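Q: sequence first, then the predicted structure, then my questions.
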Amino acid sequence: MSIPATVIAALIGAVVAILGFVLNDAFARYRARAEWTREQLHATTKKLQEHQRHMKREVLNAPRLPQESMRVIDAQQFIDSYD
């Protein structure tokens, strides 16, 4: 009892078609996830850049200490300044 070649070819063709469908679906899901991840990364990067710009503005606009407060004094001068 031998199986005709056309039946074997049809079975192989069906298996290949099913495998192709499954792989195509899996690849489509992979591409969709990659695109979503890329969009999320882009959005996060934009938020981070905006935060960095805001922090830089905050630092540049911070009040400055007078130069006199930057000088080094010894303990006795400090005590004398409060007398």
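A: Perfect, thanks for sending it.

Q: need the contact list for I79.
A: By C-beta atoms under 8 Å, 6 or more residues apart in numbering, the contact list for I79 is empty. In short, each C-beta sits where N, CA and C put it, glycine included.

Q: over to it. Which of the three states is it?
A: Under DSSP: H, G, I helix; E, B strand; the rest coil, the three-state class of I79 is helix.

Q: heads up, I number from 423, so please use that
A: New numbering, starting at 423: the last item is I501.

Q: how far is the strand or helix carrying G435 from where the chain is centred?
A: Element membership for G435 (DSSP states H and E) is helix 427-482. How far helix 427-482 lies from its chain's middle: 15 Å, per C-alpha atoms, centre = their mean, to the nearest Å.

Q: tell me the mean pLDDT over that helix?
A: Mean pLDDT, taken over the full extent of helix 427-482, equals 95.

Q: quick check: which helices or strands does it pack against?
A: Judged by 3 or more C-beta pairs under 8 Å, 6 or more residues apart in numbering; DSSP states H and E, helix 427-482 is in contact with no other helix or strand.

Q: residue nearest the centroid of the chain?
A: Most central in the chain under C-alpha atoms, centre = their mean is L463, positioned 3.5 Å from the mean C-alpha point.

Q: could you check how far it is from A456?
A: Distance, L463 to A456, by C-beta to C-beta, to the nearest Å: 10 Å.

Q: same thing with I501?
A: According to C-beta to C-beta, I501 and A456 sit 68 Å apart.

Q: same question, L482
A: Distance, L482 to A456, using C-beta to C-beta: 39 Å.
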